[in-house]
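1. Provide a 3D model corresponding to the input given below.
(6 chains)
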Number of protein chains: 6
Amino acid sequence: MENFKSLKIDRSSPNSPVFNLYLNRPARMNALSDDFFTEFPKALAALDQSPDVSVIVLSGAGANFCSGIDISTLGSFTAGASADRGRAGEKLRRDIKFLQDSFTAIERCRKPVIAGIHGACVGAGIDIITACDVRYCTSDAFFSVKEVDMAITADLGTLQRLPAIVGYGNAMELALTARRFSGLEAKEIRLVSRVFGSKQEMDEGVRIVAEGIASKPPLAVIGTKAVLMRTRDLNLEQGLDYVATWNSSMLISDDLAEAVTAFKMKRKPVFAKL
Amino acid sequence: MENFKSLKIDRSSPNSPVFNLYLNRPARMNALSDDFFTEFPKALAALDQSPDVSVIVLSGAGANFCSGIDISTLGSFTAGASADRGRAGEKLRRDIKFLQDSFTAIERCRKPVIAGIHGACVGAGIDIITACDVRYCTSDAFFSVKEVDMAITADLGTLQRLPAIVGYGNAMELALTARRFSGLEAKEIRLVSRVFGSKQEMDEGVRIVAEGIASKPPLAVIGTKAVLMRTRDLNLEQGLDYVATWNSSMLISDDLAEAVTAFKMKRKPVFAKL
Amino acid sequence: MENFKSLKIDRSSPNSPVFNLYLNRPARMNALSDDFFTEFPKALAALDQSPDVSVIVLSGAGANFCSGIDISTLGSFTAGASADRGRAGEKLRRDIKFLQDSFTAIERCRKPVIAGIHGACVGAGIDIITACDVRYCTSDAFFSVKEVDMAITADLGTLQRLPAIVGYGNAMELALTARRFSGLEAKEIRLVSRVFGSKQEMDEGVRIVAEGIASKPPLAVIGTKAVLMRTRDLNLEQGLDYVATWNSSMLISDDLAEAVTAFKMKRKPVFAKL
Amino acid sequence: MENFKSLKIDRSSPNSPVFNLYLNRPARMNALSDDFFTEFPKALAALDQSPDVSVIVLSGAGANFCSGIDISTLGSFTAGASADRGRAGEKLRRDIKFLQDSFTAIERCRKPVIAGIHGACVGAGIDIITACDVRYCTSDAFFSVKEVDMAITADLGTLQRLPAIVGYGNAMELALTARRFSGLEAKEIRLVSRVFGSKQEMDEGVRIVAEGIASKPPLAVIGTKAVLMRTRDLNLEQGLDYVATWNSSMLISDDLAEAVTAFKMKRKPVFAKL
Amino acid sequence: MENFKSLKIDRSSPNSPVFNLYLNRPARMNALSDDFFTEFPKALAALDQSPDVSVIVLSGAGANFCSGIDISTLGSFTAGASADRGRAGEKLRRDIKFLQDSFTAIERCRKPVIAGIHGACVGAGIDIITACDVRYCTSDAFFSVKEVDMAITADLGTLQRLPAIVGYGNAMELALTARRFSGLEAKEIRLVSRVFGSKQEMDEGVRIVAEGIASKPPLAVIGTKAVLMRTRDLNLEQGLDYVATWNSSMLISDDLAEAVTAFKMKRKPVFAKL
Amino acid sequence: MENFKSLKIDRSSPNSPVFNLYLNRPARMNALSDDFFTEFPKALAALDQSPDVSVIVLSGAGANFCSGIDISTLGSFTAGASADRGRAGEKLRRDIKFLQDSFTAIERCRKPVIAGIHGACVGAGIDIITACDVRYCTSDAFFSVKEVDMAITADLGTLQRLPAIVGYGNAMELALTARRFSGLEAKEIRLVSRVFGSKQEMDEGVRIVAEGIASKPPLAVIGTKAVLMRTRDLNLEQGLDYVATWNSSMLISDDLAEAVTAFKMKRKPVFAKL
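-> You can find the predicted model right below:
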């Protein structure tokens, strides 16, 4: 896989179907740079397409998950803007959509992306983790929907994805106050599924979960992710019809035969790569 | 009421407006058979239409709530499929929609359906309870969105209904990991409203809740269920308009007059059957 | 600002950008009268338009937040109704929409409205607080979605707004049982963000939160409220596009410049009124 | 196939895959009776399930297509209504939904339903034809969205389906004026696809179109109907995703192989029944 | 009724339930002034509430229907704008919504509004007529979606309402080219329902149509308008459910009894005012 | 600009802001090859980004517009498919979405794309033109929604985009019958905006329209396209809010100043490139 400036990829262990993707500017608390926004979707697309990869674990190198967008990247928005207010607005709208799209790459990736969060997870860090499929954190992790303090209406996904995860009331309260909250509270409001006592415990715990998912039938795993995501936008009847149509194509697979056989023979199933 | 192979119906007590509906194949942990899928909507329609019935309590006979779809029923999907891939897909899609529709009968029933869950509630068991209106369980109940382990993208309602109940993040984590979780955790993530110490306590507790609802004005009870369900698919403005239109028809009723009178006279109100 | 019969407005402290809005019929436990429904939207519009106001705290005068709609107001619905069933229905529908609209004024107000709840919050009280942006309560507050007991399908917003805040399952259970629940449970199900030990502590705590929000860049504050509200009705892609379009207009502001400058100079930022 | 009181079914010609379904109360201008509403969905379900049937032609026996709902059926709505205004309203709502559902059977039928219209097509006649897939008429056919004249807000589908066919402006004008319009105007506003000079010409013309569709690959025919109907309720991106999912199941079929082979060999393709 | 600067109201004839509402700045080709935007919703609300009014005919005084927004009104948008780009944008957004809301008053009016168009109907003139329920014009009327020529993305309703009336393709072509088109073409693309040879003929023709609608049962007339408008935003199933709920409240009326009786007795029905 | 195998680009005339994009496999009637699907989005993105380009005219080289997808490209779908039915389905779904996305590039292009159609426009040709903004054709052009004849449920956009252009009824009739229809009928059903007598006349006519649009203020042109497209997916209230938000960013531009000034000075306005 390609080399990245702002990211690092490694394999959880030799031959493991679990790959680690690191935000990798530890000296800047993994603040997101210009590089990041082009590299991140590339990295996820490569991992998605590789048959060796089943599950991706996203975490931060160094002492933190992510401190938000680098202030110099923010600055590049205003620099060189057209003197025409209208043209400047049109350009800014496209720039924001470009940044959004970089994070949405997590959802375009068919394979599950699990966030393991420690230290700071602030501003754009929240945008990233809300786009992930599962979230875990350490007890010393801390979070803040920080944008309002920087005079920004959060525009990279938090306001769209957070309410479905933590409820509309919590989302409003956190976004209006920008207050810092702990890993424990993140668990209470269901932003994360579990809190680990230390970074090491989390790494180990997340690895076990990831390998567990990676051992499951891959078609059903990506189907579950795809259908749950699609269902957000459909009403109940449409959602039921959609999954019926999906499964009319993908239910009858070698994976199903293998799962049933293994179940009857009480052995561990083995599935082909995807 | 008709006799069923896969179900049993009894009255909570003589003359009670609360009826118990049991999944009734205890020897198979109430695995859902072919019979079930035709009988279940019939049973619910009959209960809905009977003026004697105000509230339905759904639970499992024997030691469990439900262990999922019977593996032989699953097998009947592939048996006898057309040799033509396209025709087989078209048939499979209709079969899945038929199964879905059987569970949606819970929502078509105007009267509240309360699930009382003990022991295993796995796979299709989750599909069923997410379609119920209120859920209670015992402390030794356990749950699993099990489908992915059987190489199935859950297609009978769980992926559509669970996110609205437990949040999108929890739903994704539970569906991807298929992990077993306890009654206590079910309460924490709001899948159930209350956990009881034993089956006996739950039966008693649920009976009290059910009789409480059954004593309320029936038009307002079915209106509350209908409007809340409809509101899932409407935006805020549409939802407000809908309930205003609904009440322009059903607010001014004998029940309202009786409720107001009883309130003023400080006596217990008595409402006509529905 | 105008004088109101059913409401009272005062400033949190001289020159404070936080204004208190009180439901002010303490002798009737702040039951909502005919006056209320015309005065409430007027009061909120006036507060919204005043540049002196940044945040509004809504609470109840006396010992309670709100005991619901005054029974005499309810009565005025049926009094004088047309003898023609159809015309009576058409009129009733408009009356209900008028009442709904009075509460929706909280959402039309661009500035955050924080509810501080103590004592009873029952029936229409729930309709009101679910339309607020943030909710806090005292430990002795109690709540009930009471309408079903009065033979009413709740029609002033609770059934539309509560599920997004507490989850669909909780909303159904609370609306069908009309059971009373405590401030502590309100926190557990995320109806409120925090529980205070006493009215005095809450008043102080809410004031601090409100002044905190009031000290933030006002354009980003109203942007956050507006975008979160709008996002409820849009799917993910639409929501992302919407906030990008919004920020193409409002991101580049004096507030942003001030926030960045203050951040770099490590001083407290000062923002123009809105 | 079963015998019906209000309907007649015959085969277009021996062994033809085209079946004619007649509204069959010519003495009453095919006014829709109580019988009709239970028989119509049964007839369509039977035709849908029969492998002998590929296309259904719906027309009126005698001199007209349909003069609307029989006035005695209308009367049965009010007769026996509950004395309780609320209960009467709840019952009436279910009755209307039952009638609607009878017409929606046309859409539930997977196979194309073509309307051949002559003489009067009035009131519920419009509801029926707007639910059909293709519409043809004679030059002496006449139409009227008549409900408003009978003090009825049309409630059996016209207001929902007509705007998509003739445009919102035309639908409003026709529904508010209830004016009579000719077959020629029906063609101009695109309510029908073609106008024939006489009943005989229409019967022959419709037969040719129906047999043309019947000779096409049946999976693609029902796929086209299903996807177009579903697309009405989805946005563009959802619609594209849906048809891709549909075809991932049903595109690769024996029909496709046969169509390609026949195309290359320049012979008429022959497809298996569905 | 109040006196207006920019509008005139008169009764079609003494005691007629048809009222004429005129855009009344003929010297300026009825260009829309600041006054207009506050007066127009007031006038429509007054007409809506008056039981004497059944139908409203909207037309232009003098030689034209409407030449668009007055250029001085347009100018008032930029004048006095905040020097802060963000605050100026926020204010401009509210200003545009205020103007939009003035036109949407046509839809808030329960009673039908018929546009009679002669001479120029340009820019905001198109916004107005697309919000009307029925449109007629003279053969010498001409139309243009003119905004793009003034460097404006049309923002007062045309881009939202025109596609449903004339189709998406026509709407795009007309909006991108801003070309002038005739009354005849307006009829061909279904923007208007009929073209009259002269202003006099149109006035007479529209009067006849308006009095025709005014003679119909008023509950069904406003029900038809309301349901058709609401249906634009609902999918098919939701639309059917909505009208069933609506009619459960409003179908059984004195109007229905009178319509049926008059029909049986072959006399002209007489309906109470609304 | 890059060289393409399946496409050709030229400038309408030296320095013209109108660019012609040709489907360029005339020997194969411009059947769409594998190359096409990767080249087409690249070409449109390049044209979109070039400030020299204001409007794009899409037409076919040689004697036809487009005869559909090349049969060899169709074949590549089945070749090399996984032996696992489930995996083959999942791959096919992604392949179809890839092809769809190639056509949707027309909508992602901010600048107007005008189709000029002559000769055959069949199958995927219809998918292409329905994604264009404006359509013109010659009188000898002919059209067919041909897919059903090839045993394909049309899956590249026609079923999603055609109903909004020609109405749902016409779309169903054309898609079920696959019948050939003329340029004249295409005009009648509003698939095209105008029919020209010959290819030469069309080329000249389209050039004039294109240059007309190219002379208009570019921000308003792309705003009109963007807002009309977005509005397809929003309800009325959401659509109005969206365009108000859009214009709060882009209305106040140098283009607006120039348009107003030129209008007042009665000179031709000149706008900066975009």
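2. Tell me where the model's unsure across chain A.
-> A:1, A:77-79 (pLDDT under 70).
3. Let me see the ranges of the strands in it.
-> For chain A, applying DSSP state E gives strands covering A:7-11, A:18-23, A:55-60, A:113-117, A:120-122, A:134-138, A:142-144, A:181-182, A:194-196.
4. can the fifth one be found next to chain C?
-> No - counting by CB under 8 Å from any CB of the partner chain, chain C has no neighbours in strand A:120-122; the shortest distance is 13.4 Å. C-beta here means a position set from N, CA and C on the backbone, and glycine is covered the same way.
5. And for the shortest one?
-> No - Strand A:181-182 lies out of reach of chain C by CB under 8 Å from any CB, never closer than 10.7 Å.
6. would JSON lines of the strands of chain A with distance to residue A:73 and mean neighbour count be doable?
-> As requested, those are exported to JSON lines (distance: least, CB to CB, whole Å; neighbours: other CB atoms under 10 Å in any protein chain shown):
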{"stretch": "strand A:7-11", "distance to residue A:73": "15", "mean neighbour count": "16"}
{"stretch": "strand A:18-23", "distance to residue A:73": "14", "mean neighbour count": "22"}
{"stretch": "strand A:55-60", "distance to residue A:73": "17", "mean neighbour count": "25"}
{"stretch": "strand A:113-117", "distance to residue A:73": "21", "mean neighbour count": "27"}
{"stretch": "strand A:120-122", "distance to residue A:73": "15", "mean neighbour count": "25"}
{"stretch": "strand A:134-138", "distance to residue A:73": "24", "mean neighbour count": "26"}
{"stretch": "strand A:142-144", "distance to residue A:73": "19", "mean neighbour count": "22"}
{"stretch": "strand A:181-182", "distance to residue A:73": "25", "mean neighbour count": "17"}
{"stretch": "strand A:194-196", "distance to residue A:73": "31", "mean neighbour count": "20"}
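7. among those, which is nearest residue A:261?
-> strand A:55-60 (23.9 Å; CB to CB).
8. who wins for proximity to chain B among the strands of chain A?
-> Of all the strands of chain A, strand A:134-138 sits nearest to chain B, with 4.7 Å by CB to the nearest CB.
9. ok, the residue of the stretch 101-250 of chain A found nearest chain D - contacts?
-> Residue nearest to chain D within the stretch 101-250 of chain A (CB to the nearest CB): residue A:249, separated by 3.4 Å. By CB atoms under 8 Å, 6 or more residues apart in numbering or on different chains, the residues touching residue A:249 are B:89, D:245, D:248-250, F:86, F:89-90, F:92-93.
10. Please identify the one among these that lies nearest to residue E:6.
-> Checking the contacts of residue A:249 against residue E:6 by CB to CB gives residue D:245 as the nearest, at 53.9 Å.
11. rewinding a little: for the strands of chain A, which one sits closest to residue B:208?
-> Closest among these, using CB to CB: strand A:194-196, at 34.8 Å.
12. So which other helices or strands are in contact with that closest one?
-> Applying 3 or more CB pairs under 8 Å, 6 or more residues apart in numbering or on different chains; DSSP states H and E, we find strand A:194-196 packed against strand A:134-138, helix A:183-188, helix A:199-214.
13. go again using 6 Å as the cut-off
-> Under the contact criterion of 3 or more CB pairs under 6 Å, 6 or more residues apart in numbering or on different chains; DSSP states H and E, strand A:194-196 touches strand A:134-138, helix A:183-188.
14. what's that strand in contact with?
-> Strand A:194-196 has contacts (CB atoms under 6 Å, 6 or more residues apart in numbering or on different chains) with A:136-139, A:183-184, A:187, A:202, A:205.
15. Tell me which two of these sit farthest apart.
-> Pairwise distances across the contacts of strand A:194-196 (CB to CB) peak at 15.9 Å, for the pair A:184 and A:205.
16. Can you pick out the residue with more neighbours from these two?
-> For residue A:184 versus residue A:205, neighbours defined as other CB atoms under 10 Å in any protein chain shown are more numerous around residue A:205 (16 against 13).
17. Skip the chain neighbours and tell me the closest residue to the more buried one.
-> With sequence-adjacent residues excluded and distances taken as CB to CB, 6 or more residues apart in numbering or on different chains, residue A:205 is closest to residue A:196, at 5.3 Å.
18. ok, now residue A:272?
-> residue A:254 (6.4 Å).
19. what's the neighbour count on the one you found?
-> Residue A:254 has 18 nearby residues by other CB under 10 Å.
20. Over to residue A:251?
-> Neighbours of residue A:251 (other CB under 10 Å): 29.
21. And for residue A:107?
-> Residues near residue A:107, counting by other CB under 10 Å, number 18.
22. Show the contacting residues for it.
-> If you count contacts by CB under 6 Å, 6+ apart, residue A:107 has them with A:131, A:229.
23. and if you look at the one 3 residues further on?
-> Residues near residue A:110 by CB under 6 Å, 6+ apart: A:48, A:222.
24. quick one: it from chain B, how far?
-> In this view, residue A:110 and chain B are 12 Å apart by CB to the nearest CB, to the nearest Å.
25. As a check, name the ranges of all helices in the stretch 1-150 of chain A.
-> Listed in chain order, the helices of the stretch 1-150 of chain A (DSSP state H, counting those that start in this stretch) span residues A:34-49, A:71-78, A:85-108, A:124-131.
26. How about the residues of the stretch 51-200 of chain A by chain C?
-> Taking CB under 6 Å from any CB of the partner chain, the part of the stretch 51-200 of chain A that reaches chain C is made up of A:89, A:92-93, A:96-97, A:100, A:148, A:150-153, A:155, A:159-160, A:167-170, A:172-173, A:175-176.
27. What's the local residue count around the spatially closest residue to residue A:218 that is not a sequence neighbour?
-> Nearest non-adjacent residue to residue A:218, counting by CB to CB, 6+ apart: residue A:274, 3.9 Å away. Applying the criterion other CB under 10 Å, we find 22 residues in the vicinity of residue A:274.
28. distance of the closest residue to residue A:226 other than its chain neighbours from chain C?
-> Sequence neighbours aside, residue A:110 is the residue nearest to residue A:226 in space, at 6.8 Å (criterion: CB to CB, 6+ apart). Applying CB to the nearest CB, one obtains 17 Å for the distance of residue A:110 from chain C.
29. you'd agree residue A:123 is up against residue A:67?
-> No - using CB atoms under 6 Å, residue A:123 makes no contact with residue A:67, being 7.3 Å away.
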